[in-house]
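Colleague: predicted coordinates and the sequence they were generated for:
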Amino acid sequence: MIRTVVGLAAACVMMNATRVAAQPVRAVPRPPAQAPGPPRPEDGSAAPDGYAPIPQWLGQTRAPRPAKSAAFDAETIAEGLNGAFCFDFLPDGRIIVGERGGRIRIVGAKGALSEQVEGLPADLFARGGQGLFEVRPDRAFAANRTIYLTYTVLPDGSNPPSLPRSPGVLVAARAKLSSDDRRLEEVKVLLDAEGTGGRLIQARDGTLLVTATIPAGIGINSVDWPQPQQLDSNMGKVMRINADGSIPKDNPFAGRAGAHPEIYALGFRDIQGVAIHPRTGALWTSEHGPRGGDEINVVEKGKNYGFPVIGYGREYSGKPINGDKTAQDGMEQPVYFWTPDIAPAGIGFYTGKLFPAWEGNLFVATLAGKALVRLVLDGARVIAEERLLTDLNSRIRGVSEGPDGALYVMTDGQMGKIVKLTPRK
């Protein structure tokens, strides 16, 4: 394990963290255990209340419906998933699924679910919204069988009866999938990402972009978590590492005294979805705000995305964050935001030929929104929004274009399923 629990403070639990490659030990806070009271909704606002901040430009929120749409059929191709959090396609068209409880399944060509893939790390901690967050095949998977993972682990010396909230620490790792697809082998931790959760995606140049969240929920105030603005913390960041865990020399803060060299961009709260733009190669993310202020961002090297200094949400209590400040020089604006919450999850661009009307659109899975959101783009601006699959009345966790040009959607929770969208016949 890579961390050690140290002293308890009245306000929070402090943890020591030995960072990858024998980095110095440093303290990583976690909030105290949840006080008795109403639980936080798993995803979404505590109480939508009409809060409607003023956008910086027309169309930054509440964009109009698109002029063109597309009729489609929705076919369930796999079901029986349990807490599925992520999915991706293997080169042969099969689907690899990560379930947050700590399971990997493979969906066969006819929709059959495999047995659980063995060999996940024994120290994976899955409880209270933490667990396995990413299962991502390398772009050269057909040749190297490499899989990238993000998951949470408990710190060394943890005392289970008195754990703080979200006690698990996010790590990024790589492994090999055995030739018979039954087991992970050669698992190696690449990065101590410090957050309570996070995603991973491979950039065009082969580097890995890793996100890390801060603690959040009812009873946790944003002002108490300044880490997204601190360069000596990985929480609230997007990080960039090489596939072997080393640090790219051209990272924006590499060589700066007191800064973690893996940091690529800062100022995030809770990134839930990641996608690489098919034309520009830029990282796009979806992010949960607290009460309102869910965002889509285009992440650029070295940029600051503002949280908790600026944002379009409020605390779960309804109180303003930093005086309801939504803009500041030197901090980036989201491409798009929602109030009230829709709880955006996985995102994906569509580039296939089956749906010409959807070409270049960004699709957003939503949890509280119980819809698949289609965003029509003009460059990096949203010009229209459409909500699809509302008839499912289901929390939607993930979305991805398949190698056949169809759009695939994964639902959340118990007995989750994967639904394939094709043009209506």
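Modeller: Good, I have the coordinates.
Colleague: surely Gly293 is in contact with Tyr336?
Modeller: No. At 11.3 Å, Gly293 does not count as touching Tyr336 under the criterion of C-beta atoms under 8 Å. No exception for glycine: its C-beta is placed from N, CA and C like everyone else's.
Colleague: which residue packs closest to Val135, ignoring adjacent ones?
Modeller: Nearest non-adjacent residue to Val135, counting by C-beta to C-beta, 6 or more residues apart in numbering: Gly98, 3.5 Å away.
Colleague: actually, Gly258.
Modeller: Among residues not flanking Gly258 along the chain, Asp232 sits closest, at 5.5 Å (C-beta to C-beta, 6+ apart).
Colleague: which SS state does that neighbour fall under?
Modeller: Per DSSP: H, G, I helix; E, B strand; the rest coil, the secondary structure class of Asp232 is coil.
Colleague: before we move on, the earlier item: give me the residues contacting the helix or strand containing the residue nearest to Val135.
Modeller: If you go by DSSP states H and E, Gly98 is part of strand 95-99. Residues from elsewhere that reach strand 95-99, judged by C-beta atoms under 8 Å, 6 or more residues apart in numbering: 78, 81-90, 104-107, 132-135, 137, 147, 149, 408, 410, 418.
Colleague: tell me what angle the helix or strand just after it forms with strand 95-99.
Modeller: Next helix or strand after strand 95-99 toward the C-terminus (DSSP H and E): strand 103-107. Inter-element angle recorded for strand 103-107 and strand 95-99: 160 degrees (by axes from the mean of the first three to the mean of the last three C-alpha atoms, to 10 degrees).
Colleague: continuing past strand 103-107, what's the next helix or strand?
Modeller: Moving toward the C-terminus from strand 103-107, the next helix or strand (DSSP H and E) is strand 132-137.
Colleague: count of residues packed around the nearest residue to Gly267 once chain neighbours are set aside?
Modeller: Leaving out its chain neighbours, the residue that sits closest to Gly267 by C-beta to C-beta, 6+ apart is Tyr305, at 3.8 Å. Look at Tyr305: counted by other C-beta atoms under 10 Å, it has 28 neighbours.
Colleague: quick one, what contacts Tyr305?
Modeller: 265-268, 297, 299, 331-332, 334.
Colleague: okay, Ala384 and Pro53: tell me how far apart.
Modeller: Remark: distance between Ala384 and Pro53 (C-beta to C-beta, to the nearest Å) = 21 Å.
Colleague: kindly report the same for Pro320.
Modeller: Applying C-beta to C-beta, the value for Pro320 to Pro53 is 10 Å.
Colleague: who has more neighbours out of those two?
Modeller: Pro53 (19 against 12).
Colleague: surely that one and Ile321 touch.
Modeller: No. Assessed by C-beta under 8 Å, Pro53 is found out of contact with Ile321, at 10.7 Å.
Colleague: so which residue is dead centre in the chain?
Modeller: Gln272 (2.5 Å; C-alpha atoms, centre = their mean).
Colleague: looks to me like that one is in a strand.
Modeller: Yes. Counting by three-state DSSP, Gln272 falls inside a strand.
Colleague: which ones are touching it?
Modeller: Applying C-beta under 8 Å, 6+ apart, we find Gln272 in contact with 199, 286-288, 343-346.
Colleague: rerun that using 7 Å as the cut-off
Modeller: With contact set as C-beta atoms under 7 Å, 6 or more residues apart in numbering, Gln272 has these partners: 286-288, 344-345.
Colleague: take the residues you listed and lay them out in JSON lines including neighbour count and secondary structure.
Modeller: Listed next are the contacts of Gln272 as JSON lines, based on neighbours: other C-beta atoms under 10 Å; DSSP: H, G, I helix; E, B strand; the rest coil:
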{"residue": "Ser286", "neighbour count": "28", "secondary structure": "strand"}
{"residue": "Glu287", "neighbour count": "24", "secondary structure": "strand"}
{"residue": "His288", "neighbour count": "25", "secondary structure": "coil"}
{"residue": "Pro344", "neighbour count": "29", "secondary structure": "strand"}
{"residue": "Ala345", "neighbour count": "25", "secondary structure": "strand"}
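Colleague: low-confidence ranges, the protein, go.
Modeller: Scanning the chain for pLDDT under 70 picks out 1-27, 34-49.
Colleague: and the end-to-end length of stretch 64-80?
Modeller: With C-alpha to C-alpha, to the nearest Å as the measure, the ends of stretch 64-80 fall 36 Å from one another.
Colleague: got the contact list for it?
Modeller: By C-beta under 7 Å, 6+ apart, the residues outside stretch 64-80 that reach it are 107, 111, 113, 355, 357-358, 376, 384, 386, 389, 415, 417-425.
Colleague: can I get the buried part of those residues as one ChimeraX selection?
Modeller: Of those, the buried ones can be selected in ChimeraX as follows, counting by 16 or more other C-beta atoms under 10 Å:
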select :107,111,113,355,358,376,384,386,389,417,418,419,420,421,422
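Colleague: hmm, Asp138 and Gly144 touching each other?
Modeller: Careful, residue 144 is Asn; it's not Gly. Yes. Asn144 is within contact range of Asp138, at 5.9 Å (criterion: C-beta atoms under 7 Å).
Colleague: just how off-centre is the strand or helix carrying Val419 within its chain?
Modeller: Using DSSP H and E, Val419 maps to strand 416-423. Chain-centre distance of strand 416-423: 21 Å, with C-alpha atoms, centre = their mean, to the nearest Å.
Colleague: one more: stretch 135-148?
Modeller: Averaged C-alpha coordinates place stretch 135-148 at 19 Å from its chain's average position (C-alpha atoms, centre = their mean).
Colleague: before we move on, what about stretch 70-88?
Modeller: Averaging C-alpha positions (C-alpha atoms, centre = their mean) puts stretch 70-88 18 Å from its chain's average.
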